[in-house]
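Engineer: generate coordinates for the sequence data below:
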Amino acid sequence: MRFRRMESILDAVGQTPVVRLKSLERETPGVKLYLKLEYMNPGGSVKDRPARQMILDAVEDGRLTKDRILIDSTSGNTGVAYSLFGAALGHRVQLVMPSNVSKPRKDITQAFGTELVYSDPMLGSDGAIEKVKEIVAADPERYFYPDQYANPSNPRAHYLGTGSELLEQLGDELRCFVAGLGTTGTIMGTTRRLKEHARPIRCVAVEPAEALHGLEGLKHMATSIVPPIYDPSILDEVRPVGTEDGWDMSDRLAEQEGLHVGHSTGANAFAAWEIGKEMAARGESGAVVAIACDRGDRYFAPMKWEQSYLW
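Structural biologist: Numbering: from 1, shown residues only. So this is what the prediction gives:
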């Protein structure tokens, strides 16, 4: 797959590697820990998968044409993917995002010619959702609004891609899958595919422990607009993770594993590490894999990584 020939950048999405976290495994004897490096997608995040699927499905059935502007709300990563693929396919893109999202994300999307509309930073991703709906309602014929929170193509991308890839990569060794709750597409689609496997695989969603949190891209469901694609009944557990634990784990992965990842990834890895310790305490074996959503450079510019830790 490394040397495959591609017709366009859209063909570069998927087939991301998994990497072991051997420093964390010192505390999970008998249990292997992995991250699936979704930041190795061409747009640098897990959101490349649903953005590509939503665009291709809409082009195929005629909802997205060259005379319509693709518009959606985003905290950043889906917007980067929309911008990348929109440029590659010749579609105009407009994005609504909270004005406090990281500067690198704003710069990257605008580099592809995307127009940005900013929503109230105090209202977070929910404020961006409300604003994009107002814009579309005012001129519905002008826009194609994929609505990543309600679009079945979002989880479908992970059912077809992420879940199938994990089964190929880890097979019967896989015991637990961990992903964060944002649009919920990753955990929904991947879980549905993994639950079809012959052996039972536990699927755990991660959400911020607090309503006001610093885990950008993740939703505290009790205080958020719940995405229509979210179905908690298929999950084995929803596990809260504190902001400090997510940030600390991001630093630890950089310093001990050479993986500079974002804070939502830190939260996913923290949950996987905790689950691994619990499995080890019960004498269980196998593998736990978590999603590495994006790289730390998406957050690096406005946030200083200056703390020092000892393990």
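Engineer: helices along the stretch 1-150 of the chain, start to end?
Structural biologist: 48-61, 77-89, 103-111, 124-138 (DSSP state H, counting those that start in this stretch).
Engineer: got the angle between the second one and helix 48-61?
Structural biologist: Here helix 77-89 runs at an angle of 50 degrees relative to helix 48-61 (axes from the mean of the first three to the mean of the last three Cα atoms, to 10 degrees).
Engineer: what helices or strands is helix 77-89 leaning on?
Structural biologist: For helix 77-89, the packing partners by 3 or more Cβ pairs under 8 Å, 6 or more residues apart in numbering; DSSP states H and E come out as helix 48-61, strand 69-73, strand 93-98, helix 103-111. Just so you know, the C-beta spots here come from the backbone N, C-alpha and C atoms, and that holds for glycine as well.
Engineer: for the second one, packing partners?
Structural biologist: Put plainly, it is strand 69-73. By 3+ Cβ pairs under 8 Å, 6+ apart, strand 69-73 packs against helix 77-89, strand 93-98, helix 124-138, strand 143-144.
Engineer: tell me which of those sits nearest to residue 293.
Structural biologist: With Cβ to Cβ, the closest approach to residue 293 among the helices and strands packed on strand 69-73 belongs to helix 77-89: 7.1 Å.
Engineer: buried residues, that closest one. List them.
Structural biologist: Of the residues in helix 77-89, those buried by neighbour count under the rule 16 or more other Cβ atoms under 10 Å are 77, 78, 79, 80, 81, 82, 83, 84, 85, 86, 87, 89.
Engineer: same deal with stretch 12-22?
Structural biologist: By neighbour count on 16+ other Cβ under 10 Å, the buried set for stretch 12-22 is 12, 13, 14, 16, 18, 19, 21.
Engineer: same list (those) but as a markdown table, adding distance to residue 57 and pLDDT.
Structural biologist: Putting the buried residues of stretch 12-22 into a markdown table (distance: Cβ to Cβ, whole Å; pLDDT from 0 to 100) gives the following:
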| residue | distance to residue 57 | pLDDT |
| --- | --- | --- |
| 12 | 19 | 96 |
| 13 | 14 | 98 |
| 14 | 16 | 97 |
| 16 | 21 | 97 |
| 18 | 27 | 98 |
| 19 | 31 | 98 |
| 21 | 34 | 98 |
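Engineer: please flag which of these sit within strands.
Structural biologist: Using DSSP state E, the subset of the buried residues of stretch 12-22 located in strands is 18, 19.
Engineer: name the nearest of the buried residues of stretch 12-22 relative to residue 145.
Structural biologist: When the buried residues of stretch 12-22 are compared against residue 145 (criterion: Cβ to Cβ), the nearest one is residue 13, at 21.8 Å.
Engineer: ok, the closest residue to residue 105 other than its chain neighbours to residue 293 distance?
Structural biologist: Leaving aside its sequence neighbours, residue 105 sits nearest to residue 76 (Cβ to Cβ, 6 or more residues apart in numbering; 3.5 Å). Note on residue 76: its distance to residue 293, by Cβ to Cβ, to the nearest Å, is 11 Å.
Engineer: helix, strand, or coil at residue 267?
Structural biologist: Following DSSP: H, G, I helix; E, B strand; the rest coil, the label given to residue 267 is helix.
Engineer: and it, what does it touch?
Structural biologist: Going by Cβ atoms under 8 Å, 6 or more residues apart in numbering, residue 267 touches 180, 206, 208, 215, 218, 241, 245, 246, 249.
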